[in-house]
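> coordinates only, sequence not included:
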Ligand SMILES: Nc1ncnc2c1ncn2[C@@H]1O[C@H](COP(=O)(O)OP(=O)(O)OP(=O)(O)O)[C@@H](O)[C@H]1O
Ligand SMILES: [Mg+2]
């Protein structure tokens, strides 16, 4: 269509291209998801790898997750006591640390940290396998690559994110507690009182629902970009970056979604 | 394969390629670098789907196969990747065993024995516990071949199995190819740039040029081909091509 | 290698499960394997009490409020209290539900009935005091500020009825008691205003509106008083003929008064949580008097009205004392 190559049309063209790319990505994502669900049947392929992935995604991520949440807990306690002056009783430090850790910062910060760690490593690993034809090789050996690579990672993410996040929340609250006692001259009973006062069992359910969805997003997005890598080392780098950026954004969007839907 | 077309973006690689391979024969495919030989080979086991035309294996249309059909087909086919494509997170032994683990009722001991057997067939010894990154290019390549033959497939697709190997190893591999054909009746398609090797192992030779089948025939026919393009390729004399295209 | 991983994965999963379950139970205030005593409380209305609030005994937290449910007959609310360890409430133990702090959380306190003679604790019938081995105690919910305004409402309504009756009965005694009641009311309002002013430094926004509202009640009452004064003058001069005319005028005044009180109360209502607006009935009665409906006899039948009013005033002053003593109990401010 030579008649349509006017420079003024370029912005429209690029919008069209972006739209098509998005639609294609959604389509590919859906295809990947459907394939992964279908691949669930091939238990013999994925089951042996669940444990390794649970280790990689869960256990190996613990240090970073606990590190992040520990410092978050400390900072929360310090800032809470700084903010809550005047007529507000000091046990509110406990309330603030507990509520914020459980409802928001525990799941989200851990999710973000793991998006960087787990999402990136999945995308890089699968991306490298894609560009070096290892994924093709799996196919020729009669393995469904979705069952072999994607299912164990996503399943491990679903299982281990809540585990890691629960521990992270605990460490965060304990860190806030210890900070309150040692740095803020607050009594332990006061912190505990504030912690318990507004606690609701649903908070924990809420955090766990979030965690599971973050696990799905991080491993799913990492797998998606890894699986669709094109173009050598640079392509792997691009896939990794995108996986981290997209899963970070999706975590925040999901966070807002759950807050709107469940609170 | 019938009238296969394949394009990446607007770059057409295969433009109506057709080829028939008989049971039990070994056919070599030659052609210039980048002419689409590897792409053609990937169509045969459904790693790529053609834009037009069809690929039939054992009378079944590969593109129409569902996942289990495809799995069934792939159990019968061994594929040697041009760059080996070994799983770099696994040892050589585990790599070779991968295909075997998909065979029901094969216990660890049998797998172990079979792995050793295949590795020694490609002249690799004591590499069981090594990782691909700890081996030379030629060794990796042979390990890839061992992995492809391990399950005893009916069809073997070799993408340049001997490129980059020393002359002695090339002979070893060629002999292995011939043995596979003669003793086990394996049908083979070999992509190669090494004409000597092609002459040694092939029943027929086909040349891929500009997305189409340029010439196909027995070793003798190709050796004596009048086609200047074929001559230029097999004799490695680019001047013969002048004025051709 | 694999075994080590299995071990680590298993350890992490178990640790997380234990931490989550134990942590949740602990934060909810439940113990594991600890003995617990269950006690039930019957009460007319639970106020803001919610599951998980503290149960106190002599100021010590001894348990948590469990499920709260309305009795099948709908005549009371049953509150389950989960008390730590063995706890045997005294025979005349009752439960007082009240705000625990400025921040909206309530508590259930186990007390001895005789310490709070003025409070109408739920009277649990003797045959229901122990059900399935669980002690059932009577409870009383301390009114908060919104309740106070409801009481004031009721006082105002009774005043109206009283005035109405007096309007037709021409009794000096009644006039005097009414004037006295209004005096008391003014005094109470003044006290209320002082209390609120004392509190206003801490809860300035809310207090400001309460203050305005109370001021309006005060001025309304002043207006009411002037109508009573006029009534006094009428009685003193003994000109009975003009009484009916005056009654009409008074009634009109009262109509205005009641309107003012209504709006004042309304404002109080909007700043506090809820109160039944009963002022509407005051103006309705005033309208009916103006229309000449009803009879003196009918109005006089309810001779307890005066007493009731005094009762209410008494209740109010005890409440105000309490407000002065524990101002934070009555002002609620919710965070989160
Ligand atoms: N996945 C792909 N996406 C885009 N282009 C591709 C893809 N795979 C192959 N090509 C292009 O197709 C052409 C043929 O590639 P192919 O690997 O089949 O060549 P070849 O004949 O095997 O060459 P060589 O002898 O060097 O191995 C090349 O130009 C390559 O750039
Ligand atoms: Mg090639």
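Received it, and whenever you're ready, just let me know what you need. The structure displayed is predicted, hence computed values, not measured ones. Numbers count the residues shown, from 1 in each chain, chains lettered A, B, ... in the order given. Ligands and ions are numbered 1, 2, ... in the order given.
> how far off centre is the helix or strand residue A:162 falls within?
Secondary-structure assignment from DSSP states H and E places residue A:162 in helix A:151-183. With CA atoms, centre = their mean, to the nearest Å as the basis, helix A:151-183 stands 13 Å off its chain's centre.
> close to chain C, is it?
Yes - on the criterion CB under 8 Å from any CB of the partner chain, helix A:151-183 is in touch with chain C at A:159-160, A:162-164, A:166-167, A:170. To be clear about C-beta, it is placed using only N, CA and C from the backbone, and glycine gets the same treatment.
> hmm, that helix touching chain B?
No - using CB under 8 Å from any CB, helix A:151-183 stays clear of chain B, coming no nearer than 13.2 Å.
> packing partners of that helix?
helix A:10-39, helix A:43-53, helix A:62-83, helix A:92-100, helix A:106-114, helix A:188-197, helix A:201-227, helix C:2-27 (3 or more CB pairs under 8 Å, 6 or more residues apart in numbering or on different chains; DSSP states H and E).
> of those helices, which shows the lowest average pLDDT?
Lowest mean pLDDT within the helices and strands packed on helix A:151-183: helix A:188-197, at a mean of 85.
> which other residues reach that one?
A:89-98, A:173, A:176-177, A:180-181, C:27-29, C:105 (CB atoms under 8 Å, 6 or more residues apart in numbering or on different chains).
> so what's residue C:91 up against?
Taking CB under 8 Å, 6+ apart, one finds nothing in contact with residue C:91.
> tell me which strands the strand or helix carrying residue C:61 pairs with, and in which orientation.
Assessed by DSSP H and E, residue C:61 sits inside strand C:60-70. Note on strand C:60-70: by DSSP bridges, its sheet partners are strand C:54-57 (antiparallel), strand C:77-84 (antiparallel).
> redo those strands as a markdown table? Include distance to residue C:142 and mean neighbour count.
Formatted as a markdown table, the strands paired with strand C:60-70 follow (distance: least, CB to CB, whole Å; neighbours: other CB atoms under 10 Å in any protein chain shown):
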| stretch | distance to residue C:142 | mean neighbour count |
| --- | --- | --- |
| strand C:54-57 | 13 | 20 |
| strand C:77-84 | 15 | 20 |
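> flag every residue of chain B that's near chain A.
Residues of chain B lying near chain A (CB under 8 Å from any CB): B:42, B:45-47, B:67, B:71, B:74-75, B:77-79, B:81, B:83, B:85-88, B:98-99, B:102, B:147-148, B:151.
> now with 7 Å, please.
Within chain B, the residues that sit near chain A (CB under 7 Å from any CB of the partner chain) are B:45, B:47, B:67, B:71, B:74-75, B:77, B:79, B:81, B:83, B:85, B:87, B:98-99, B:102.
> among those, which pair sits farthest apart?
B:67 and B:83 (26.0 Å; CB to CB).
> now residue C:89: phi and psi?
When read as degrees, to the nearest 10, the backbone of residue C:89 gives phi -70, psi 150.
> end-to-end on stretch C:28-41?
20 Å (CA to CA, to the nearest Å).
> check contacts around the one residue sitting closest to the centre of chain B.
The centroid of chain B falls nearest to residue B:158 when counting by CA atoms, centre = their mean (1.6 Å). Shown in contact with residue B:158 (CB atoms under 7 Å, 6 or more residues apart in numbering or on different chains): B:80, B:188, B:190-191.
> any idea which helix or strand comes after the strand or helix carrying residue B:182?
Assigned by DSSP H and E, residue B:182 belongs to helix B:167-184. The helix or strand immediately downstream of helix B:167-184 is strand B:187-191, counting by DSSP H and E.
> list the buried ones in that following strand?
B:187-191 (16 or more other CB atoms under 10 Å in any protein chain shown).
> with stretch B:6-14 instead?
Judged by neighbour count using 16+ other CB under 10 Å, the buried positions of stretch B:6-14 are B:6, B:13-14.
> that'll do, ta.
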